[in-house]
Structures are given as structure tokens and as C-alpha cells.
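1. can't give you the sequence, but here's the structure:
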């Protein structure tokens, strides 16, 4: 599909209408495409939402060429600063991960979540613009650390053993930033010893979003988490913005300043 980037606008959702359009995209991707479980009300409205949506800001990519305002959001990121989380419901990721090392770091932190792009707009300028929008937000709000869960589709850890083991052995967060998976849904990531990990298989198993974070210098927390409601295995990604690799920092922050 040809995308005319002149019709694409990246912004923070300001109205209920824009938020609903973002939630409709999330429904299309997470429920219809990936098989997440949701409430009967969400199915009836064809919106994917939860009690955290009111706390988050929603970075949206809008295709202005689509005059249907209920369907013209083609990319979304949910953003929650530490300042807001401490005053309201806390962090969404805290259900799955112990975040105390990040919270106690004394640095400005930002939780990312519900990231998705319309199926017809993946692999091109849309994702690039989402990264630029995120970079601009990070710079404006002087964020030091980004974090949030990213997902592998499906719940069979053995099917992604190379990818999980590769992340654990090569990209585990340093001790001062290391979040840890909690509870009965925790999955150990070092399924294979490092000597048995096939890098090419691992890279093929990695979803594009996780691969992008790793290329930018991101880390993963200790342990993955099984999310049966969303039919996924989650890893917690952590990125110290000062550690971004220079070549990718230059690529994604171009035009964001």
C-alpha cells in the first residue's frame, strides 16, 4: 500500500474522538488480529481499553487522507510518566514486573505500552514517524529511562526458546536497571545455554518492535511473563536514553528537535 506521508500527522490525542479511534485500532490489532480476550462491552463497542487509559497520554499517528475519523488512527503508543503514575494508579507493567529499581533510581521514567500500527501501514514510514514522535516527547519531557512490556504472539515459550535465550544472554539489563518478572506467570528466559542459541533463528523469532529496541541499545528485564488474556509472552524492555547507539539515535531523532 502506498502511503503519502504528507497526510500523516503525529500528535498526542486531545479529544474523546481521537482516543476512541486509538482504542479502535488497538481492538483491530490486539483482539481481532492477535486474539486477545476482552470484555463483552469492548466487543460490542469494538474498542480495546482498560482502567489505565485515563492516566496515560496517547501518541497517535493520524492518516488525514482517511475522512472516517473513527478509523483514521493508524499508529498508537500509550505513554505514562512517573510523575503521573505516582499520583494515580501506578504503572501498568507493575502487574507483571517488580519496577522498584526504576522507581527508586531518582531519574525521570516513562512507561510505554499498547504500541501497534495498522496492518496496512507496517514496515515503512508509519513506524519511523511513531519513533520520531516518541523521540520528540522524550526530549520535551527530559525522560531518562523508557520501559514497558513488549510481546511475542502465542504462549508457548519453547517455540521462541532461541529468542528468549538470546535476549537473556546478550541483552539483560544491568543490575541498577533490572526489573524482574513476578508471580506464577513468570517464565525463565535462559531456556537454552548460550552455546546452543542460534543467533539467526533468534533474530527471526524476535518481533520487529523488540528488535528495534535492542538495536537502539535497549535491554530486557529478568524473566518473561505469560499473559493469557492477550495470548502473549511478554518481556519488559528498558532503555537508558543516554545509552542509545549513536547511529540509531541519529536516525530516529532526525527532525524531532
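-> Sure thing, it's come through. Not measured: the values here are computed from a predicted model.
2. going forward, measure contacts and count neighbours with C-alpha atoms only.
-> OK.
3. which element is residue 138 on?
-> For residue 138, the element it lies in under DSSP states H and E is helix 125-140.
4. got the buried residues for that helix?
-> Judged by neighbour count (16 or more other Cα atoms under 10 Å), helix 125-140 contains these buried residues: 126-127, 129-138.
5. swap in stretch 97-116?
-> By neighbour count on 16+ other Cα under 10 Å, the buried set for stretch 97-116 is 97-99, 102, 108-116.
6. same check, this time on stretch 15-34
-> For stretch 15-34, a neighbour-count test (16+ other Cα under 10 Å) marks 18-31 as buried.
7. quote the end-to-end distance of it.
-> 27 Å (Cα to Cα, to the nearest Å).
8. which residues of this structure fall in helices?
-> Along the chain, counting by DSSP state H, helices occupy 16-26, 40-45, 82-87, 100-103, 125-140, 161-171, 199-205, 208-215, 246-253.
9. so how far is residue 206 from the residue lying closest to residue 75 once chain neighbours are set aside?
-> Of all residues not flanking residue 75 in the chain, residue 117 sits nearest, at 4.3 Å (Cα to Cα, 6 or more residues apart in numbering). Distance of residue 117 to residue 206, given as Cα to Cα: 17 Å.
10. these two: which is more packed in?
-> Comparing residue 117 with residue 206 by neighbour count (other Cα atoms under 10 Å), the higher total belongs to residue 117, at 23 against 19.
11. make sure that one is actually in contact with residue 77.
-> No - the criterion here is Cα atoms under 8 Å, and residue 117 misses it with residue 77 at 9.2 Å.
12. about what we covered before: in strands, which of the buried residues of stretch 97-116 fall?
-> 97-98, 109-116 (DSSP state E).
13. with pLDDT added, can I get these in JSON lines?
-> Converted to JSON lines, those look like this (pLDDT from 0 to 100):
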{"residue": "97", "pLDDT": "97"}
{"residue": "98", "pLDDT": "97"}
{"residue": "109", "pLDDT": "97"}
{"residue": "110", "pLDDT": "97"}
{"residue": "111", "pLDDT": "97"}
{"residue": "112", "pLDDT": "95"}
{"residue": "113", "pLDDT": "92"}
{"residue": "114", "pLDDT": "92"}
{"residue": "115", "pLDDT": "91"}
{"residue": "116", "pLDDT": "91"}
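14. can you pick out the most distant pair from those?
-> Across those, the longest distance by Cα to Cα is 24.5 Å; it joins 98 and 116.
15. give me the neighbour count for residue 216.
-> 21.
16. quick one: it from residue 122, how far?
-> From residue 216 across to residue 122, the span is 19 Å (Cα to Cα).
17. over to residue 108?
-> To residue 122, residue 108 is 30 Å away according to Cα to Cα.
18. contact partners for residue 59?
-> Contact analysis of residue 59 by Cα atoms under 8 Å, 6 or more residues apart in numbering lists 10-13, 76-79, 133-134.
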